[in-house]
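Participant: Mind folding the following:
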Amino acid sequence: MPPDPDKRKMRKLKQAIKRRGSKHRRADAKRTLAENPEEAAHIEDNLGRFRSDTMNGLDSDSTRKREG
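Facilitator: Below is the predicted model of the structure:
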């Protein structure tokens, strides 16, 4: 049985979103450090549209299902 091309697309999309979120987080931290060094240690991560947690569990791959 060949791999599902839609599943591959979803994985690549999620990977791209996660990578974009990491870049966004680092750039935001660097900007905050330059603008306000005293508060830089207390900032909260705000990923906004770069969140990938909503994509968790979208694929229903039968090879990952456990019997039991």
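
Participant: Report the separation between the most centrally placed residue in the chain and L33.
Facilitator: Nearest to the mean C-alpha position of the chain, counting by C-alpha atoms, centre = their mean, stands K18 at 2.7 Å. Distance of K18 to L33, given as C-beta to C-beta, to the nearest Å: 23 Å. From N, CA and C alone the C-beta is placed, and that goes for glycine too.

Participant: helices or strands up against the helix or strand encompassing A29?
Facilitator: Per DSSP states H and E: A29 is located in helix 5-35. Packing partners of helix 5-35 (3 or more C-beta pairs under 8 Å, 6 or more residues apart in numbering; DSSP states H and E): none among the helices and strands.

Participant: So which bits of it are buried?
Facilitator: In terms of neighbour count (16 or more other C-beta atoms under 10 Å), helix 5-35 has its buried residues at 14, 17-18, 21, 24.

Participant: mean confidence score for it?
Facilitator: Mean per-residue pLDDT for helix 5-35: 85.

Participant: what about it, distance to the chain center?
Facilitator: Helix 5-35 has its C-alpha centroid displaced from the chain centroid by 6 Å (C-alpha atoms, centre = their mean, to the nearest Å).

Participant: before we move on, the earlier item: tell me which of the buried residues of helix 5-35 is nearest to E38?
Facilitator: Distance to E38 across the buried residues of helix 5-35 (C-beta to C-beta) is lowest for H24, with 22.6 Å.

Participant: so that closest one makes contact with F50?
Facilitator: Yes - applying C-beta atoms under 8 Å, one finds H24 in contact with F50, separated by 5.3 Å.

Participant: list residues touching both of the two?
Facilitator: Common neighbours of H24 and F50 are not found (criterion: C-beta atoms under 8 Å, 6 or more residues apart in numbering).

Participant: Need the buried residues of helix 5-35 in JSON lines (columns: distance to P3).
Facilitator: Supplementary listing: the buried residues of helix 5-35 in JSON lines, determined by distance: C-beta to C-beta, whole Å:
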{"residue": "K14", "distance to P3": "16"}
{"residue": "I17", "distance to P3": "21"}
{"residue": "K18", "distance to P3": "21"}
{"residue": "G21", "distance to P3": "26"}
{"residue": "H24", "distance to P3": "30"}
